[in-house]
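Student: one predicted model, sequence on top.
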Amino acid sequence: MHTIVKRLLPMAAFVLASVCGSVWAQQTAAAHSGLGQAWPNVPDVSSSPRWHVYVFERDGIRFIQVNDLNGTVRGAFAAANDQFLVLPIGADSQNVSTPQQPRTATATASAPSETVYQDNSVQIQLTPQFNGHVLLKAASATCQDRDDCGVHVE
């Protein structure tokens, strides 16, 4: 357990510094990233017509945000070298699951899970819940056993 914490602590500090720096940069210059915004100024890379996915990158860390069709931020996380860190933004930030921080839904799913984004290193699946929330599951796209990677949804 300490090994995971030791590995994630520097990343968490970096993410916090990046987010704080992003807020400062938005106040001093025209923002081009928009992490946390309803309609950020980056391409929507979602593979689903029902969701918006935005990817931001800074200093080798990728920040991935998922919005619904109304622009409501549902959740976001940072990813680097098969390590994930949940960011504290979005209506479903408490329902973001990663291999390092697995979460399960608190309500029965109202719809099957759907892969909304996948690239060479990250895969994201969403599962709408009966209570209106969404379970966001992020995992390494290179992981062979989806159950161990935190992607499998029953």
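Tutor: Here it is on my side, so go on.

Student: residue contacts, Thr104?
Tutor: Residues near Thr104 by CB atoms under 8 Å, 6 or more residues apart in numbering: Ser97, Leu135. In short, each C-beta sits where N, CA and C put it, glycine included.

Student: go ahead and name everything in contact with the one helix or strand Thr115 maps to.
Tutor: Using DSSP states H and E, Thr115 falls within strand 114-118. Strand 114-118 is contacted by residues 45-48, 50-51, 53, 55, 64, 66, 123-127, 141 when judged by CB under 8 Å, 6+ apart.

Student: what's the closest of those to Val86?
Tutor: The shortest approach to Val86 among the contacts of strand 114-118 belongs to Ile64, at 10.9 Å (CB to CB).

Student: distance of the closest one relative to Gln83?
Tutor: 13 Å (CB to CB, to the nearest Å).

Student: look at the two and report which has more neighbours.
Tutor: Ile64 (24 against 16; other CB atoms under 10 Å).

Student: next, the more buried one: secondary structure please.
Tutor: The three-state label for Ile64, taken from DSSP: H, G, I helix; E, B strand; the rest coil, comes out as strand.

Student: try the one 3 residues further on
Tutor: Local secondary structure at Asn67 is given as strand here, using three-state DSSP.

Student: can you flag the buried ones in the contacts of strand 114-118?
Tutor: Ser46, Trp51, Val53, Val55, Ile64, Val66, Gln123, Ile124, Gln125, Leu126, Thr127, Ala141 (16 or more other CB atoms under 10 Å).

Student: now stretch 124-139: average pLDDT?
Tutor: For stretch 124-139, mean pLDDT rounds to 92.
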